[in-house]
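Enquirer: fold the following for me, if possible:
(chains A and B)
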2 protein chains.
Amino acid sequence: MKMPIFVDMKERKLIFVTNDDGYTSNGFRCAVELARRLGDVVAVAPESSQSGKSQSITIYEPLFLREHRKEEGLELYSLSGTPVDCVKFAFDHLMEGRKVDLVLSGINHGSNSAVNVLYSGTMGAAIEGAFYGCPSIGLSLTSHDESADLTAAVQYGELLARKVLEGALQMPLCLNVNVPDRPVEQIAGMKFCRQTHGFWREVFHEYTDPHERRYYWMRGAFYNAEPDAADTDEYALAHGYVSVVPVQTDMTDYRQLTALQENITL
Amino acid sequence: MKMPIFVDMKERKLIFVTNDDGYTSNGFRCAVELARRLGDVVAVAPESSQSGKSQSITIYEPLFLREHRKEEGLELYSLSGTPVDCVKFAFDHLMEGRKVDLVLSGINHGSNSAVNVLYSGTMGAAIEGAFYGCPSIGLSLTSHDESADLTAAVQYGELLARKVLEGALQMPLCLNVNVPDRPVEQIAGMKFCRQTHGFWREVFHEYTDPHERRYYWMRGAFYNAEPDAADTDEYALAHGYVSVVPVQTDMTDYRQLTALQENITL
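Expert: Numbers count the residues shown, from 1 in each chain, chains lettered A, B, ... in the order given. Okay, the predicted model is just below:
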């Protein structure tokens, strides 16, 4: 067992907050409030909704920044890019040289469990935070309702964030935290689990615009490839638990790599 | 050793082709030509450049399709979305019910080695193809020059694609193939390897527009965290090899998961 590093909690912490629903979202507002109870806050959220933007970066377009608040302990901005742009801009420009103690991405309106981790802008930002050597938490509620009750997400997110800031968890650390959409007193607890295997299948709804051009709108459904696996995030959520999946970024398929190296001559 | 499945190569194959540089790119044209030598082709590429779009999906905007060619053995379209949208639209709408033998994404202008796999629209599409149970290849050249010589990329891509279509490689299969930018006779060979650990750091260049608004443009540099590791894709490329990294989509950090389960009480 690796011993946790001693951290002086009297020292003022710096928390970076972002999200993917945009800086006006209720979830972002709650995340900033949560973070302010833990330390100083620099927050940069996308100017507009960036749901499903994954690890996207803006290469061939300019980025515009807007300052909304700048006071003791709180700086609040919006950026015309993706969640990952926000992280990069904050770490490599706005906060350059400052030590960041935690990246908090969210609170996302909608689940980022299972394979959603790959499509999620919220998790894209959390993963990017980890690339800057910073512990990071992506926090999501399993409801797309913009006015959903975020009490449970705030409470469990804060519990985890405090553990991280106390140095109780090993580094590197990137957590994908999903909170079931139910009253806080009905939450069964919190479970560390693995990402569920599964995939999405889409239906493309057809429409015709006033100029007689046909267009399509995608709407999908998630298929859980292992609904009975009790160690997965989907299972935990279905049973009323907050799911916590630690995330890493090596996509190598090592089993396939061994098979290729042993069996294939090029 | 798992034996390869016998596949009748006389049976006409169906290859799906997409990319992230858009349907007018030279790399896409070469990928379509390559695929036509292997079977029937359905190709849907983004209407515009989608570099760095990762696994992005278009949720809150409509998608427009344009048909460019429809003849025996070749259907060619562009879609106003991301590379992953192209895959989803093709599998769940255009080709619904047809058996696809291979997804080929590329040929990308620019390397998708190392951590680039996470930001890459080309690899986003290849990964999405694998979610449809289809073997997939993301093929990239380590040059951003739109007019770069693609001979080596085509040659090695075709070699691998034939191996896949012959059933020589185990499923599930998603390959991240990167070809060094050099004449084909100077390529040292092909290596199966793992994703290099590393990260990007950005510089944000500041400009002022004619309306006196300040804006930023991002330009980054990749830092290889393990330049001497001979089993990595970056090492292979630096030594003149084509790198082939098998990719999987379980992002769970199992080492961290065990540590959390053993040491943290919630």
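
Enquirer: please count neighbours and contacts with C-alpha atoms only from this point.
Expert: Will do.

Enquirer: how about stretch A:62-79: buried residues?
Expert: A:P62, A:L63, A:L65, A:L74, A:E75, A:L76, A:Y77, A:S78, A:L79 (16 or more other C-alpha atoms under 10 Å in any protein chain shown).

Enquirer: wait, the fifth one touches A:R36, no?
Expert: It stands for A:E75. No - between A:E75 and A:R36 there is no contact under C-alpha atoms under 8 Å: 10.7 Å.

Enquirer: does chain B have contacts with stretch A:48-62?
Expert: Yes - against chain B, stretch A:48-62 shows contacts by C-alpha under 8 Å from any C-alpha of the partner chain at A:S51, A:G52, A:K53, A:S54, A:Q55, A:S56, A:I57, A:T58, A:I59, A:E61, A:P62.

Enquirer: mind jotting down where the strands sit in the stretch 51-200 of chain A?
Expert: Taking DSSP state E, counting those that start in this stretch, the strands of the stretch 51-200 of chain A run over residues A:65-71, A:74-79, A:102-109, A:136-141, A:174-179, A:189-192, A:198-208.

Enquirer: ok so, going back, turn the buried residues of stretch A:62-79 into JSON lines, including pLDDT.
Expert: JSON lines is the format used below for those (pLDDT from 0 to 100):
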{"residue": "A:P62", "pLDDT": "95"}
{"residue": "A:L63", "pLDDT": "97"}
{"residue": "A:L65", "pLDDT": "97"}
{"residue": "A:L74", "pLDDT": "98"}
{"residue": "A:E75", "pLDDT": "98"}
{"residue": "A:L76", "pLDDT": "98"}
{"residue": "A:Y77", "pLDDT": "98"}
{"residue": "A:S78", "pLDDT": "98"}
{"residue": "A:L79", "pLDDT": "98"}
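
Enquirer: hmm, back to that, and the strands of the stretch 51-200 of chain A as JSON lines, adding distance to chain B?
Expert: Converted to JSON lines, the strands of the stretch 51-200 of chain A look like this (distance: least, C-alpha to the nearest C-alpha, whole Å):
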{"stretch": "strand A:65-71", "distance to chain B": "7"}
{"stretch": "strand A:74-79", "distance to chain B": "10"}
{"stretch": "strand A:102-109", "distance to chain B": "14"}
{"stretch": "strand A:136-141", "distance to chain B": "13"}
{"stretch": "strand A:174-179", "distance to chain B": "9"}
{"stretch": "strand A:189-192", "distance to chain B": "6"}
{"stretch": "strand A:198-208", "distance to chain B": "6"}
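
Enquirer: show me how far stretch A:223-238 is from its chain's centre.
Expert: 19 Å (C-alpha atoms, centre = their mean, to the nearest Å).

Enquirer: what comes up buried for it?
Expert: A:N224, A:T232, A:D233, A:E234, A:Y235, A:A236, A:L237.

Enquirer: against A:A152, how distant is A:C134?
Expert: Distance of A:C134 to A:A152, computed by C-alpha to C-alpha, to the nearest Å: 25 Å.

Enquirer: next: A:V115.
Expert: Per C-alpha to C-alpha, A:V115 is found 23 Å from A:A152.

Enquirer: cool, A:V247 as well?
Expert: Going from A:V247 to A:A152 by C-alpha to C-alpha gives 22 Å.

Enquirer: and the two? Which one has more around it.
Expert: Each of A:V247 and A:A152 has its neighbours counted (other C-alpha atoms under 10 Å in any protein chain shown); A:V247 has more, 27 against 20.

Enquirer: okay, the more buried one: pLDDT?
Expert: Looking at A:V247, its pLDDT reads 98.

Enquirer: who's it bridged to?
Expert: As for beta bridges, A:V247 partners with B:T252 under DSSP bridges.

Enquirer: is it in contact with A:N176, as I believe?
Expert: Yes - in this structure, A:V247 is within contact of A:N176 by C-alpha under 8 Å, at 6.7 Å.

Enquirer: next, count neighbours for A:V154.
Expert: Counted with other C-alpha under 10 Å, A:V154 comes out at 23.

Enquirer: quick check: A:G27 touching A:A152?
Expert: No - using C-alpha under 8 Å, A:G27 makes no contact with A:A152, being 12.0 Å away.

Enquirer: please indicate which of the residues of stretch A:48-62 next to chain B are buried?
Expert: Among the residues of stretch A:48-62 next to chain B, those that count as buried by neighbour count (16+ other C-alpha under 10 Å) are A:S51, A:G52, A:K53, A:S54, A:Q55, A:S56, A:I57, A:T58, A:I59, A:P62.

Enquirer: show me what contacts the last one?
Expert: Going by C-alpha atoms under 8 Å, 6 or more residues apart in numbering or on different chains, A:P62 touches B:Y215, B:Y216, B:W217, B:M218.

Enquirer: tell me which helix or strand the second one sits in.
Expert: Yep, that's B:Y216 we're talking about. According to DSSP states H and E, B:Y216 maps onto strand B:214-224.

Enquirer: mean confidence (pLDDT) on that strand, please.
Expert: Here the average pLDDT along strand B:214-224 is 96.

Enquirer: quick revisit: turn the strands of the stretch 51-200 of chain A into JSON lines, including distance to B:D92.
Expert: Putting those into JSON lines (distance: least, C-alpha to C-alpha, whole Å) gives the following:
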{"stretch": "strand A:65-71", "distance to B:D92": "38"}
{"stretch": "strand A:74-79", "distance to B:D92": "34"}
{"stretch": "strand A:102-109", "distance to B:D92": "26"}
{"stretch": "strand A:136-141", "distance to B:D92": "28"}
{"stretch": "strand A:174-179", "distance to B:D92": "28"}
{"stretch": "strand A:189-192", "distance to B:D92": "34"}
{"stretch": "strand A:198-208", "distance to B:D92": "6"}
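
Enquirer: and for A:L94, the neighbour number?
Expert: A count of nearby residues for A:L94, using other C-alpha under 10 Å, gives 15.

Enquirer: ok, now A:E11?
Expert: Residues lying near A:E11 (other C-alpha under 10 Å) number 8.

Enquirer: for chain B, see how far away it is.
Expert: Using C-alpha to the nearest C-alpha, to the nearest Å, one gets 23 Å for the distance from A:E11 to chain B.

Enquirer: quick check: which element contains that residue?
Expert: Counting by DSSP H and E, A:E11 is found in no helix or strand.

Enquirer: pull the residues that contact the lengthiest helix in chain A.
Expert: As assigned by DSSP state H, the longest helix anywhere in chain A is helix A:151-165. Residues outside helix A:151-165 that contact it (C-alpha under 8 Å, 6+ apart) are A:7, A:9, A:13, A:30-31, A:34-35, A:38, A:101-102, A:107, A:135, A:137, A:139-141, A:169, A:177-179, A:182-184, A:187, A:242.

Enquirer: for stretch A:28-43, buried residues please.
Expert: By 16+ other C-alpha under 10 Å, the buried positions in stretch A:28-43 come out as A:28-32, A:34-36, A:38-43.

Enquirer: now it: how far from the chain's centre is it?
Expert: Centroid displacement of stretch A:28-43 relative to its chain, using C-alpha atoms, centre = their mean, is 15 Å.

Enquirer: quick one: contacts of it?
Expert: Residues from elsewhere that reach stretch A:28-43 (C-alpha under 8 Å, 6+ apart): A:12-19, A:21-23, A:45, A:73-77, A:104-108, A:150, A:154, A:158, A:162.

Enquirer: please indicate which of these are buried?
Expert: Buried, going by 16+ other C-alpha under 10 Å: A:13-19, A:21-23, A:45, A:74-77, A:104-108, A:150, A:154, A:158, A:162, out of the contacts of stretch A:28-43.

Enquirer: I figured A:G133 hits A:I127, correct?
Expert: No - under the criterion of C-alpha under 8 Å, A:G133 is not in contact with A:I127, lying 10.2 Å apart.

Enquirer: who has more neighbours, those two?
Expert: Neighbour count, other C-alpha under 10 Å: between A:G133 and A:I127, A:I127 has more, with 31 against 16.

Enquirer: isn't the more buried one right next to A:P135, touching?
Expert: No - applying C-alpha under 8 Å, one finds A:I127 not in contact with A:P135, separated by 9.4 Å.

Enquirer: any common contacting residues for these two?
Expert: Common neighbours of A:I127 and A:P135, using C-alpha under 8 Å, 6+ apart, are A:C174.
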